[in-house]
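# Next input, structure requested:
(2 chains)
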Amino acid sequence: MKENKLSILTKGIIRENPTLVLVLGTCPSIAKSNSLFNALGLGLCTAIVLVLSNIMISALRKVIPDKVRIPCYILIIASFVTIIQMLVHAYLPDLYDSLGAFIALIVVNCIILGRAEMFASKNPVGDSALDGLGMGLGFTLSLTCMALIREVFGAGQFFGIDLPFFSTYNFPILQKTFGGFLVFGIMIAVVGLISKGKAPYKKSFGCEGCPNASICNVAAGQSACGGKDEVKEGGEAQ
Amino acid sequence: MKEILLIIFAAVFANNYVLTKTLGICPFLGVSKQFQQAAGMGVAVTFVMVLATAATWPIQYYVLNPLNIGYLQTIVFILVIAALVQFVEITLKRFIPGLHKSLGIYLPLITTNCAVLDVAIANITNETAFLPSLFNSLGAGIGFLLAMILFAGVRTRLDQNTNVPKAFRGLPITLAAAAIVSLSFMAFSLK
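I've put the predicted structure just below:
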């Protein structure tokens, strides 16, 4: 039983890493992985919101009517995001300025709604908290890895401190949007290579990883994104 | 007139939502497999962006600010956008079934599109007046449409290519291609 709990926690960090394997939450990962400070800050904010919203949604899973569950989840997530936004604004003004609108945009991060739909709405509170923590740490980890590459090779810095060799020879383009897309693509390729193509990212590129799967008309054969994958864990197939 | 054009041009090219600000990546990667779907999604996003701004701007200035509850911005905006999208979908289905058939299936996906929420918030943060806000949203939507159409063209070529290394097949090469497309938009934002 104890091993089981441990695997709920660790699967989010490595085996089902939300960013690199499930490919959720791509927008903040590309936009805010330009420096380690941003990446760590945004990752931890997202992790806190994820844990809290998972706990809340799991606790209320028998109360929320099935038909209006998505608006309910969004409301719960938005409340926690507002709390975090105000706390960061008050105590970490530097981080607040450098993340800008991305703290508010945690609301629409697919990871949070995705985990609410896939895990928290079906599992007890303790497991959901662990799942949220694992997924949050996994998101932070992959964001930090990307930021490490982009900051060291792009700006020649490590947490804002100049590095001896890299500060003279670096590629500032890695700090731009170009670097975000490229480093993200390369990291997903590396994950695919290490797992020998067993990482489920190909499936999740279709409908399975999409938190909107349950409201999208997959069953009617006209899914909006043209994905024909069957929704395995989403609401439609239950 | 000149100002309006300037606002739209800046929003389409210099601050392109997908390729410069990297927002709205999920539909950008997921729906760009076919040209027609990409265009449909782009038009639907433009439509919702303008509507969302038209709804959230008055709410911020006539409801939230007078009541001193500006901190509820995130919650109120996301709920307003979600409700608006549902409302538009139902209205289209009832009164303009033709348009609903071509745009309707994209609408539910837009509820949690970060670009739409960001446009609504950015118009408030930058303290833009009402009409310029609307044009800014229109520009942002057109920028999204442009990026979708450009990338759909790239992807149809990409999917025919069989020389891609095994590890890079699928998503990684798509992202690398997106990186190169974003390079072309860097020229507009260089200072």
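
# If you count residues, where's the longest helix of chain A?
Longest helix in chain A, counting residues (DSSP state H): helix A:125-155.

# and it, what other elements does it pack with?
Using 3 or more C-beta pairs under 8 Å, 6 or more residues apart in numbering or on different chains; DSSP states H and E, the elements in contact with helix A:125-155 are helix A:2-13, helix A:26-31, helix A:36-59, helix A:110-115, strand A:157-158, helix A:177-194. Every residue, glycine included, has its C-beta placed from N, CA and C.

# Please name whichever of the ones you listed is nearest to chain B.
Set against chain B and scored by C-beta to the nearest C-beta, the helices and strands packed on helix A:125-155 come closest in helix A:177-194, at 3.1 Å.

# quick one: buried residues of that closest one?
Residues of helix A:177-194 classed as buried by neighbour count (16 or more other C-beta atoms under 10 Å in any protein chain shown): A:177-189, A:191-192.

# Near the residue lying closest to residue A:47 once chain neighbours are set aside, how many other residues are there?
Closest residue to residue A:47 in three dimensions, ignoring its sequence neighbours and counting by C-beta to C-beta, 6 or more residues apart in numbering or on different chains: residue A:136, at 2.5 Å. One way to gauge burial is a neighbour count; for residue A:136, by other C-beta atoms under 10 Å in any protein chain shown, it gives 26.

# residues in contact with residue A:136?
If a contact means C-beta atoms under 8 Å, 6 or more residues apart in numbering or on different chains, then residue A:136 has A:12, A:43, A:44, A:46, A:47, A:48, A:50, A:51 as its contacts.

# pLDDT wise, what is it at?
The predicted structure scores residue A:136 at 92 on the pLDDT scale.

# Okay, strands next: where are they in chain B?
Assigned by DSSP state E, the strands in chain B number zero.

# Select the longest helix from it.
With DSSP H as the criterion, chain B gives helix B:130-160 as its longest helix.

# buried ones in the longest helix of chain A?
Taking 16+ other C-beta under 10 Å as the neighbour-count basis, helix A:125-155 is seen to contain the buried residues A:125, A:127-155.

# With stretch B:46-58 instead?
In terms of neighbour count (16+ other C-beta under 10 Å), stretch B:46-58 has its buried residues at B:46, B:47, B:48, B:49, B:50, B:51, B:52, B:53, B:55, B:56, B:57.

# OK, contacts around the residue in chain B positioned nearest to chain A?
Nearest to chain A in chain B, going by C-beta to the nearest C-beta, is residue B:175, at a distance of 3.1 Å. Listed by C-beta under 8 Å, 6+ apart, the contact set of residue B:175 reads A:181, A:182, A:184, A:185, A:188, B:29.

# One more pass at 6 Å, please.
By C-beta atoms under 6 Å, 6 or more residues apart in numbering or on different chains, the contact set of residue B:175 is A:181, A:184, A:185.

# Cross-check the residues you listed against chain B and keep the overlap.
The overlap between the contacts of residue B:175 and the neighbours of chain B (C-beta under 6 Å from any C-beta of the partner chain) comes to A:181, A:184, A:185.

# From residue A:192, how far out is the last one?
It stands for residue A:185. Relative to residue A:192, residue A:185 is positioned 11 Å away (C-beta to C-beta, to the nearest Å).

# now do the second one
With distances taken as C-beta to C-beta, residue A:184 is found 13 Å from residue A:192.

# quick one, domains of chain A?
If you go by automatic domain parsing, the domain ranges for chain A are A:2-201, A:211-238.

# Contacts (any at all) between chain A and the helix or strand bottoming out on mean pLDDT in chain B?
For chain B, the helix or strand with the lowest mean confidence is helix B:107-110, at a mean of 73 (criterion: mean pLDDT, DSSP states H and E). Yes - on the criterion C-beta under 6 Å from any C-beta, helix B:107-110 is in touch with chain A at B:108, B:109.

# least reliable of the domains of chain A going by mean pLDDT?
Least confidently modelled of those is domain A:211-238, at a mean of 44 by mean pLDDT.
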